[in-house]
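Q: Quick one, structure for this:
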Amino acid sequence: MSNGAENSPRDTGHDIRLLLADVDGTLLNSARALTPSTIRVARTLRERGIALAITSSRPPRGLLQFIQDLDIVTPTGAFNGGEFVKPDLTVLSQTLISADLARETVALMGEKGLDVWVYSGDEWYVPHLDGPHVAREATTVRFKPKVAESYEPVMDRVVKIVGVTDAPGMMAAAEEAVRSRFGALVAASRSQTYYLDVTHPDANKGAVLAWLSAYMDIPAETIATIGDGHNDILMFRRSGLSIAMGNASPEVKGEAMAVTASNDEDGFARGVEVHILSKR
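A: Below is the predicted model:
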């Protein structure tokens, strides 16, 4: 952590009513686990009357364990806001990609050499089980995908499409192609260096903050955000207080009002304690 990383330029923590947190790289350490400090701070937030909500590119089923472990009672923005669910995973709202756009996106990613996954409803579909990162992702989200020879049967109810490759050049070319062809018709961002996530343009983390603000009747300026990824920037820009993790890129840190330690140094707990809890 750099010198002064825990210094916030604005004293806003005393106004915070809701903390919206990213999951991977933020709440979770590199072992993809919640630390005792994170669980303790989540409990303290609750005791201080500050709600905690989470948002992630993960599907709802891949977030259930953390919702339970942290005793979260607020809606969760899964698929980067493509789907909002209650703590028991009851669906509150969905924002689907149109069938025609989903077909074109799947085809374009395939043409660029990426493996393509599709998420629809509670299910995750892949072309083959031995594809790149399938086994790893199944361990991460704690459920297995279904193999589909064709995605056509679910094209009218797709909430997220993921292009997968470990080749940086191929990924960059695919991302550029998606952005060039579809523009503002989709939201395209990398949740990992090897994942290109495509959702409806209204499914992004900035929209998650706006949705929670309206649903919970909490002004955006009283919402704090914390995250580590490029897709967290949009929620940073809409919140009253934004905190970047120490493991975030320089670009992400530059968009935040404060920077905390890394996710392997209990950065979530430290950031919340310094910038929110100490102000109350």
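Q: what about Val147, distance to Leu129?
A: Computed with CB to CB, to the nearest Å, the distance linking Val147 and Leu129 is 6 Å. Yep, even glycine has a C-beta here, placed from its N, CA and C like the rest.
Q: Just the CA atoms from the helix or strand of the chain with the lowest mean pLDDT would do, formatted as CSV, please.
A: Within the chain, no helix or strand scores below strand 187-192, which has a mean of 88 by mean pLDDT, DSSP states H and E. Taking Å, rounded to 0.1, in the frame of the first residue of the first chain, the C-alpha atoms of strand 187-192 are listed here in CSV:
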residue,chain,number,x,y,z
ALA,A,187,-22.1,-3.1,-22.1
ALA,A,188,-18.7,-4.9,-22.7
SER,A,189,-16.1,-5.1,-20.0
ARG,A,190,-13.5,-7.5,-18.7
SER,A,191,-14.2,-9.0,-15.3
GLN,A,192,-10.9,-10.8,-15.5
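Q: Give the other helices and strands that it contacts.
A: helix 168-182, strand 195-199 (3 or more CB pairs under 8 Å, 6 or more residues apart in numbering; DSSP states H and E).
Q: Can you show me the strands along the stretch 151-280 of the chain?
A: 160-164, 187-192, 195-199, 223-227, 241-244, 258-259 (DSSP state E, counting those that start in this stretch).
Q: of those, which approaches Ala210 most closely?
A: Relative to Ala210, the nearest member of these by CB to CB is strand 223-227, separated by 9.7 Å.
Q: Quickly run through the sheet partners of that closest one, with directions.
A: strand 18-22 (parallel), strand 241-244 (parallel) (DSSP bridges).
Q: residues in contact with Ala174?
A: Applying CB atoms under 8 Å, 6 or more residues apart in numbering to Ala174 gives the contacts 108-109, 112-114, 163, 165, 196.
Q: Please name the nearest non-neighbouring residue to it.
A: Closest residue to Ala174 in three dimensions, ignoring its sequence neighbours and counting by CB to CB, 6 or more residues apart in numbering: Lys112, at 3.9 Å.
Q: what's the answer for Ser189, then?
A: Nearest non-adjacent residue to Ser189, counting by CB to CB, 6+ apart: Asn231, 4.3 Å away.
Q: Show me the shaky parts of the stretch 151-280 of the chain.
A: Low-confidence segments of the stretch 151-280 of the chain (pLDDT under 70): 280.
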